[in-house]
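**Student:** Coordinates only, no sequence provided:
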């Protein structure tokens, strides 16, 4: 197994971090890197700079992306009075670099990935001898956690990369979500 080291870009938290990467099959799951969520997160641009760096790095054999659509009469609209990100809304557009680099974009209508798409993801990952996935995206406290739990339930080890996550709820909500994730999943 070949080992390589690469350094991530500097962030507001300090200089870049050297990461040792074992060259074995690995997947990147980019959750809801959409205009609306990026603009809503206080650190959205910084998060996307890091996600772009991950996308351009050689460490991922497969890149999956999700896109949230809030359909008419959804539980989000009825129960939470959340009406943004409906069909045809430009705020649902994925970041261009994510869309170009993704091997598959999965449209979802809830927090997590539905069972049919999870079956596909499970088949693709296992078919490529991939048993873990790095998870990044938006919102840490909702769709990132739900996606990571879905992967875990399917037998895929999710690793949430906190440098590639943000929340429209702000830094306190993001940090709270990371504490919850660290109790149940791998977080770096």
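**Tutor:** The structure has been received and is ready for your questions. Keep in mind the model is a prediction, meaning the values are calculated, not measured.
**Student:** ok now do residue 145, which residues does it touch?
**Tutor:** 111, 177, 180, 181 (C-beta atoms under 8 Å, 6 or more residues apart in numbering). For glycine as for every other residue, the C-beta is placed from the backbone atoms N, C-alpha and C.
**Student:** switch the cut-off to 7 Å
**Tutor:** By C-beta atoms under 7 Å, 6 or more residues apart in numbering, residue 145 lies in contact with 177, 180, 181.
**Student:** cool, and residue 137?
**Tutor:** So residue 137 contacts 30, 31, 32, 33, 143, 144, 165 (C-beta under 7 Å, 6+ apart).
**Student:** what about it, is that helix, strand or coil?
**Tutor:** Following DSSP: H, G, I helix; E, B strand; the rest coil, the label given to residue 137 is strand.
**Student:** Check what contacts the helix or strand where residue 181 lies and list those residues.
**Tutor:** Here residue 181 is covered by helix 171-184, with elements defined by DSSP states H and E. For helix 171-184, the external contacting residues (C-beta under 7 Å, 6+ apart) are 42, 140, 141, 145, 148, 160, 162, 165, 166, 167, 187.
**Student:** Tell me the helix or strand right after that helix.
**Tutor:** Downstream of helix 171-184, the first helix or strand assigned by DSSP H and E is strand 186-187.
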